[in-house]
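**Student:** Pasting a predicted model and its sequence here:
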There are 2 protein chains.
Amino acid sequence: MLFAKPLADLIAQLEKLPGVGAKSAQRLAYHVLRMPGDDVRRLAEALTRARESLRLCAVCQSFSEGEVCEICADPRRDPHTVCVVAEPRDVAALERINEYKGTYHVLHGLLSPMDGVGPENLKVRELVERLRADVQEVIVATNPTVEGDTTALYLAKLIHPLGVKVTRLAHGMPVGGELDYADSATLLSALEYRREI
Amino acid sequence: MLFAKPLADLIAQLEKLPGVGAKSAQRLAYHVLRMPGDDVRRLAEALTRARESLRLCAVCQSFSEGEVCEICADPRRDPHTVCVVAEPRDVAALERINEYKGTYHVLHGLLSPMDGVGPENLKVRELVERLRADVQEVIVATNPTVEGDTTALYLAKLIHPLGVKVTRLAHGMPVGGELDYADSATLLSALEYRREI
């Protein structure tokens, strides 16, 4: 008998989480046994409540409590500019800079022919439908990776015929970065897209 | 609005767990939103059930579903030999070798005068009470650290007058280890406790 049954169950459930191995699952489980009962209940409730009360926003496909998310429902946000991101967490990253005033569209993934992910597996159809309304610019903010670049090019080809401007986040040196430590692809982009000052 | 309220709540709860930073809390939360609803419910239930149904075994102070844990209640286990460990997880580590047939006693910590942890903060009184019954040997299996050594010496002094044999886990080279990589304290122990072959 390694662990009492409820403890073994908890360890088994925790081990299923990403980045939680056998050892961390045990450490977390023992921690839970020593947490105040109220804190454990709050955690358990937060888990089920988040899973049960959130759905995809009917407009941007990000996670939302209501039919339409708070950003899409906000009259101060510009619906004519749509920033396309791969994941809901990318929306949070862009909101953190507190500068962008347009709206978003979450693809829920990136094109990856190797993994069998095609446009039909992403929220591409929903994006094209939105463009029928008065959208002036689509900013593709996918990661600068092979999948991100492929997806950006695919979207550009798809959207151009609709007469909507498509832009992409600038590539270049990260602010505060050192030339010495930058990889060649980043340096190449920084040089290629150099700006007059 | 960085995150929808239920998502922000979940991230806040997850961040309180040990070893879970802001970034991993977000990653875990988004993972939960994509898990099948049943799996989330199972995880939430495992959390509350473990916390609510487990208590300390009246005999060995390890976590237990009943008044007395399965090991203490097992008639095949030898109650005359008691192995003293710091944490419940150490019981699992020793059970895994599938060799020890005695019982355990969990201290729930180690003596640490620097952190203000004295014998009254550990399950020492409960151990001494058990020794009034017919215990023949106490094996101190605390970690070979300053706190573990201090605790072992303290227990030896406390238990010797009761006429109970006190032993400690052997120190030495880990099996499969290389001399070249062993620290000096380990090598010193290995040399000091060398055995005739």
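**Tutor:** Perfect, I can see it now. Worth saying up front: this structure is predicted, and the values here are computed from it rather than measured. Numbering: from 1, shown residues only, chains lettered A, B, ... in the order given.

**Student:** Quick check: the gap between the residue at minimal distance from the centre of chain A and chain B.
**Tutor:** By CA atoms, centre = their mean, chain A has its centre lying nearest to residue A:87, at 2.0 Å. For residue A:87, the distance to chain B (CB to the nearest CB, to the nearest Å) stands at 7 Å. Backbone N, C-alpha and C define where each C-beta goes, glycine included.

**Student:** which residue ranges form the strands in chain A?
**Tutor:** In chain A, the strands defined using DSSP state E lie at A:55-56, A:63-64, A:78-85, A:102-106, A:137-140, A:165-168.

**Student:** got the ones you listed as CSV, with distance to residue B:157 and mean neighbour count columns?
**Tutor:** As requested, the strands of chain A are exported to CSV (distance: least, CB to CB, whole Å; neighbours: other CB atoms under 10 Å in any protein chain shown):
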stretch, distance to residue B:157, mean neighbour count
strand A:55-56, 64, 16
strand A:63-64, 60, 24
strand A:78-85, 64, 20
strand A:102-106, 65, 24
strand A:137-140, 71, 21
strand A:165-168, 72, 16
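
**Student:** Which pLDDT value goes with residue A:1?
**Tutor:** We have a pLDDT of 61 for residue A:1.

**Student:** returning to what we had before: okay, the strands of chain A in JSON lines with mean pLDDT next?
**Tutor:** Output for the strands of chain A, formatted as JSON lines (pLDDT from 0 to 100):
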{"stretch": "strand A:55-56", "mean pLDDT": "94"}
{"stretch": "strand A:63-64", "mean pLDDT": "95"}
{"stretch": "strand A:78-85", "mean pLDDT": "95"}
{"stretch": "strand A:102-106", "mean pLDDT": "96"}
{"stretch": "strand A:137-140", "mean pLDDT": "93"}
{"stretch": "strand A:165-168", "mean pLDDT": "92"}
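
**Student:** between these, which gets nearest to residue B:70?
**Tutor:** Nearest of these to residue B:70, taken as CB to CB: strand A:63-64 at 42.7 Å.

**Student:** May I have the strands that pair with that closest one, each with its orientation?
**Tutor:** strand A:55-56 (antiparallel) (DSSP bridges).

**Student:** Any idea how far the strand it pairs with is from the middle of the chain?
**Tutor:** Relative to the chain's own centre, strand A:55-56 is displaced by 14 Å; criterion: CA atoms, centre = their mean, to the nearest Å.

**Student:** now stretch A:170-186
**Tutor:** 23 Å.

**Student:** just stretch A:156-165 next, same as before
**Tutor:** Distance of stretch A:156-165 from its chain centroid, counting by CA atoms, centre = their mean, is 23 Å.

**Student:** what comes up buried for it?
**Tutor:** By neighbour count on 16 or more other CB atoms under 10 Å in any protein chain shown, the buried set for stretch A:156-165 is A:158-159, A:164.

**Student:** Just the CA trace of the helix or strand bottoming out on mean pLDDT in chain A, in CSV.
**Tutor:** The weakest-scoring helix or strand in chain A, judged by mean pLDDT, DSSP states H and E, is helix A:184-192 (a mean of 81). Provided in CSV are the C-alpha atoms of helix A:184-192 (Å, rounded to 0.1, in the frame of the first residue of the first chain):
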residue,chain,number,x,y,z
SER,A,184,20.7,34.9,-37.4
ALA,A,185,17.1,34.7,-38.6
THR,A,186,16.2,37.5,-36.2
LEU,A,187,19.2,39.6,-37.3
LEU,A,188,18.3,39.0,-40.9
SER,A,189,14.8,40.2,-40.4
ALA,A,190,16.0,43.2,-38.4
LEU,A,191,18.3,44.2,-41.3
GLU,A,192,15.7,43.5,-44.0
